[in-house]
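Colleague: Build me a structure from this.
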Amino acid sequence: MNRFQHVWKDKVAVLSLSIISLTTMAGIFAPFVAPHDPAEVHMELRFASASWEYLLGNDHLGRCVLSRLIYAIRPSMLWVFAALLLSVLTGSIVGVLAGYFRGKTDAFLMRVCDVILSFPGYVMTLAIIGILGVGFENVIIAFVLMKWAWFARIIRASVMQYAESDYVKFSKAIGASNLGIMIRHIIPVALPDIAVISSSSFGSMILQISGFSFLGLGIQAPEAEWGMMLNEAREVMFSRPEFMLAPGLTIVIVVSAINYLSDTLQVALDPKLMTSTYKQQGLVRASAVKLEGKGVA
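Modeller: Modelled structure (predicted):
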């Protein structure tokens, strides 16, 4: 049975994938999707309610909330995804080298990772931002510098179990190069594990970048970002709470969709979890049949 049939049969997973895809496309084509210029100021429309022209109303400078929400997809989601890819790529290279060669290579690389991971993530991120300065680019750099070590340690553990496989030993016996073995035999079987840990980290990174922007450490005005939009709406959070609902609900919906899709992918890519899921489904169906036979249903 195809692994991904489990994903397509899960309606919530399909809905989550649709939300992520539509949000991504809206961010990529923001100039064509957004109804107005996100930086265009109309002070006469300051905190104006929703209308047909401005579907989500206007913020404290009279800017279109919907347009800013759409443009905010780029830093809040797309640039975070780029930082995730760079972190995963760096961590994968280090993890594969450490897990395959072991010995002194493994000891040296893991000690470097231990040094980085010994500091609390948020504290080190704030320290890096303090050194480099406030700004979205510096937050992204801090994310990459802090995240790659975590990915490297997890990927190393995955690679170590595959490096002892019979087909790897056979490849070494016939004289295959280490680089060829890693590219042909190690990386392909480790990709599902890499995909699972990457997808599970994506949602948390979106929350973190929104949190830093909310605190004023991330993206700066006049650019739009979901966390910064929440911060800008704080002054009217009691009189006009709807201005906090738009970016807040967007964060909740997107992160929830990413997390659910990540869990579904983990089940689809892990044969043990897949078997367990089908066993549970079989028990539920059997119980339903028994209850129906007894007239309970």
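Colleague: can you count the residues close to residue 99?
Modeller: For residue 99, the neighbour count with other CB atoms under 10 Å is 26. Placement of C-beta: from N, CA and C, glycine included.
Colleague: in what helix or strand does the closest residue in space to residue 15 that isn't next to it in sequence lie?
Modeller: Spatially, and ignoring its direct neighbours in sequence, residue 15 is nearest to residue 257 (7.5 Å; CB to CB, 6 or more residues apart in numbering). Assessed by DSSP states H and E, residue 257 sits inside helix 242-269.
Colleague: other SSEs contacting that helix?
Modeller: Packed against helix 242-269 by the contact rule (3 or more CB pairs under 8 Å, 6 or more residues apart in numbering; DSSP states H and E) you find helix 5-9, helix 11-28, helix 65-71, helix 187-214, helix 226-232, helix 271-293.
Colleague: That helix: how far from the chain's middle?
Modeller: What separates the centre of helix 242-269 from the centre of its chain is 9 Å, taken as CA atoms, centre = their mean, to the nearest Å.
Colleague: buried set for it?
Modeller: Across helix 242-269, burial judged by 16 or more other CB atoms under 10 Å covers 243-244, 246-248, 250-251, 254-255, 257-269.
Colleague: same deal with stretch 177-186?
Modeller: 181, 182, 185, 186.
Colleague: same deal with stretch 225-233?
Modeller: Across stretch 225-233, burial judged by 16+ other CB under 10 Å covers 225, 226, 227, 228, 229, 230, 231, 232, 233.
Colleague: cool, and stretch 155-169?
Modeller: 155, 156, 158, 159, 162, 163, 168.
Colleague: With only the CA atoms kept, save that stretch in CSV.
Modeller: Presented in CSV, the C-alpha positions along stretch 155-169 are these (Å, rounded to 0.1, in the frame of the first residue of the first chain):
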residue,chain,number,x,y,z
ILE,A,155,19.8,13.1,12.0
ARG,A,156,23.0,11.5,13.3
ALA,A,157,21.0,9.1,15.4
SER,A,158,18.9,8.1,12.4
VAL,A,159,22.0,7.7,10.1
MET,A,160,23.8,5.5,12.7
GLN,A,161,21.2,2.8,12.5
TYR,A,162,21.4,2.8,8.7
ALA,A,163,25.2,2.9,8.5
GLU,A,164,25.3,-0.6,10.0
SER,A,165,22.9,-2.1,7.5
ASP,A,166,24.0,-5.1,5.4
TYR,A,167,23.8,-3.3,2.1
VAL,A,168,26.1,-0.6,3.4
LYS,A,169,28.6,-3.2,4.6
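Colleague: Contacts for that stretch, please.
Modeller: By CB atoms under 8 Å, 6 or more residues apart in numbering, the residues outside stretch 155-169 that reach it are 91-92, 94-96, 98-100, 102, 106, 109-110, 181, 185-186, 189-190, 193-194, 197.
Colleague: Among those residues, which lie within helices?
Modeller: Counted as lying in helices by DSSP state H, out of the contacts of stretch 155-169, are 91-92, 94-96, 98-100, 106, 109-110, 181, 189-190, 193-194, 197.
Colleague: and residue 86, how many neighbours?
Modeller: Neighbour number of residue 86 under other CB under 10 Å is 16.
Colleague: what's the answer for the one 3 residues further on, then?
Modeller: Per other CB under 10 Å, the neighbour tally for residue 89 reads 14.
Colleague: rewinding a little: so which of the helices and strands packed on helix 242-269 comes closest to residue 143?
Modeller: helix 187-214 (6.4 Å; CB to CB).
Colleague: roughly how far is that closest one from the heart of the chain?
Modeller: Averaging C-alpha positions (CA atoms, centre = their mean) puts helix 187-214 4 Å from its chain's average.
Colleague: If you count neighbours, what's buried in that helix?
Modeller: Judged by neighbour count (16+ other CB under 10 Å), helix 187-214 contains these buried residues: 187, 190, 192-194, 196-203, 205-210, 212-214.
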